[in-house]
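1. pasting the structure only:
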Ligand SMILES: *Cc1c(COP(=O)(O)O)cnc(C)c1O
């Protein structure tokens, strides 16, 4: 059986995962698990999901051979183009799956929390498509910082609730969303945005992202034959990486997840419990969760999905870091060599590739790299940082 098949009945991947939530939420998680298990085994649900991904989200996305980058590096690089999906990132795969599940559960509303706003916008998009009410919790600080995404969510018909407790950022929004879910569980589904949280979310979100890896491995087989030598994806919570890896985990390919230097939960963290799961996380000697710092808002999360902690403990996947400076370099290089402006998150994967081609990645290797999203959303940040360097 594949290493990435199913967690055990308590939702554990080895010693990681599980369901560490208050008693009041256990029943809700079990309900999600039961419905997901039922519908994921249902051919009709699968077809409906696949049909929406194709006619609405733009799947399958291409696997693009990056010829000039390949020549530059001396390795043969293929990019899995999640940046070409509707809304511009792999997040759409997950939110469409969960919104469809919400309807099948007979519920009329969906709620989510968001930090930078990307998951909020994706959730609001899927809710609009399916005629669901949508409420997004967002820290007050983030509401101010991400005015454009707040506008997008409202335009899409979602209610955005600014959270003023605690540090007024993502973790406070998570607490508020959980509280709201408990009080309206009959009509509302809670949509988590990555392979994180209590069971079944890490498993369910990975299954909804599995399409990325399955397409990529079939496309590679057609274009080149066999399996690539190395598969690379960036890791925030770890959903695009988990989806990508699931298509290659049973092949001989080396799997590499790339975390930001300032948020390297696997490379620099230790096991602990956060947001309903046991996983690797950044914490101080007293078990206080530490803030992650990165130029990429989508990656500055102090924890990581439990299945990545498990794959790391087995040695099946390896996790590396990329720093802000080399990430900016990667944005420029990919833009100029391929005409593809990457989001800052996948630019971490590109930075690792640029640094290690000819070293950890032997010359002549074949590489599949997941381009998880397009760079438009980061243009302002990147413009500021690169202003005096571009001519
Ligand atoms: C949100 C986001 C990520 C990080 O999320 P994962 O769950 O780690 O995939 C990566 N890339 C893009 C483009 C994103 O929007």
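-> Looks like it arrived, so ask away. Keep in mind the model is a prediction, meaning the values are calculated, not measured.
2. what about the residue lying closest to residue 273 once chain neighbours are set aside, is that helix, strand or coil?
-> Nearest non-adjacent residue to residue 273, counting by Cβ to Cβ, 6 or more residues apart in numbering: residue 20, 5.0 Å away. In this view, the C-beta of every residue, glycine as well, is placed from N, C-alpha and C. What DSSP: H, G, I helix; E, B strand; the rest coil gives for residue 20 is coil.
3. going forward, begin numbering at 23 instead of 1
-> Right, with 23 as the first residue, what we last looked at is residue 42.
4. dump the residue contacts of residue 42.
-> 220, 295, 298-300 (Cβ atoms under 8 Å, 6 or more residues apart in numbering).
5. which parts of the stretch 173-322 of the chain sit against the ligand?
-> Residues of the stretch 173-322 of the chain found near the ligand (Cβ under 6 Å from any ligand atom) are 216, 256-262, 320-321.
6. Okay, and which of these map to helices?
-> 261-262 (DSSP state H).
7. Now flag whichever of the residues of the stretch 173-322 of the chain next to the ligand is closest to residue 161.
-> Nearest to residue 161 among those, counting by Cβ to Cβ, is residue 320 at 15.4 Å.
8. First-to-last residue distance for stretch 131-149?
-> 8 Å (Cα to Cα, to the nearest Å).
9. That one close to the ligand?
-> Yes - against the ligand, stretch 131-149 shows contacts by Cβ under 6 Å from any ligand atom at residue 140.
10. And the pLDDT for the residue of the stretch 23-172 of the chain found nearest the ligand?
-> At 3.9 Å from the ligand, residue 111 is the closest residue in the stretch 23-172 of the chain, using Cβ to the nearest ligand atom. Listed pLDDT for residue 111 reads 97.
11. What's the local residue count around the nearest residue to it once chain neighbours are set aside?
-> Of all residues not flanking residue 111 in the chain, residue 395 sits nearest, at 3.2 Å (Cβ to Cβ, 6+ apart). When counting by other Cβ atoms under 10 Å, one arrives at 28 neighbours for residue 395.
12. Correct me if wrong: residue 395 contacts residue 362.
-> No - with contact defined as Cβ atoms under 8 Å, residue 395 and residue 362 do not form a contacting pair (11.1 Å).
13. Give the residues shared as contacts by those two.
-> Common neighbours of residue 395 and residue 362 (Cβ under 8 Å, 6+ apart) are residue 105.
14. ok, how many other residues are close to residue 377?
-> That count, for residue 377 with other Cβ under 10 Å as the rule, works out to 17.
15. what do you get for residue 169?
-> With other Cβ under 10 Å as criterion, residue 169 counts 10.
16. Same question for residue 406.
-> 9.
17. per-residue confidence at it?
-> 91.
18. Give me the distance between stretch 245-263 and the centre of its chain.
-> On the basis of Cα atoms, centre = their mean, to the nearest Å, stretch 245-263 sits 13 Å off its chain's mean C-alpha point.
19. same deal with stretch 170-182?
-> With Cα atoms, centre = their mean, you get 21 Å for stretch 170-182.
20. phi, psi of residue 239?
-> phi -70, psi -40 (degrees, to the nearest 10).
21. The one 4 residues further on too?
-> The main-chain torsion angles of residue 243 are listed as degrees, to the nearest 10 and equal phi -60, psi -40.
22. mind checking the SS state of the closest residue to it other than its chain neighbours?
-> In this structure, residue 243 finds its nearest non-sequential neighbour in residue 249, 7.6 Å apart by Cβ to Cβ, 6+ apart. Three-state assignment for residue 249 (three-state DSSP): coil.
23. Quick check: residue 249 vs residue 240, distance?
-> 11 Å (Cβ to Cβ, to the nearest Å).
24. In this structure the residue nearest to residue 243 contacts residue 274, no?
-> Yes - using Cβ under 8 Å, residue 249 is in contact with residue 274, at 6.2 Å.
25. In terms of neighbours, single out the busier of those two.
-> Set residue 249 next to residue 274 and count neighbours by other Cβ under 10 Å: residue 249 wins out with 17 against 9.
26. For the more buried one, give me its contacts.
-> Contacts of residue 249 by Cβ under 8 Å, 6+ apart are 239, 242-243, 270, 273-275.
27. among these, which are in helices?
-> Reading helices off those with DSSP H, I get 239, 242-243.
28. Find the centremost residue of this structure, please.
-> When Cα atoms, centre = their mean is applied to the chain, the residue found nearest the centroid is residue 261 (3.3 Å).
29. how many other residues sit next to the residue lying closest to that residue once chain neighbours are set aside?
-> Nearest in space to residue 261, with sequence neighbours left out and distances taken as Cβ to Cβ, 6+ apart, is residue 216 at 4.3 Å. A total of 26 residues lie near residue 216 under the criterion other Cβ under 10 Å.
30. likewise residue 60?
-> 13.
31. where does it sit relative to residue 53, distance-wise?
-> 11 Å.
32. Check residue 367 too.
-> 32 Å.
33. try residue 155
-> Residue 155 is 19 Å from residue 53, by Cβ to Cβ.
34. can you give me the strands in this structure?
-> Secondary structure of the chain (DSSP state E): strands at 34-35, 38-39, 85-87, 98-103, 131-136, 155-161, 181-185, 210-212, 252-256, 276-282, 292-296, 299-303, 339-344, 388-393.
35. In the stretch 173-322 of the chain, where is pLDDT below threshold?
-> Low-confidence segments of the stretch 173-322 of the chain, defined by pLDDT under 70: 320, 322.
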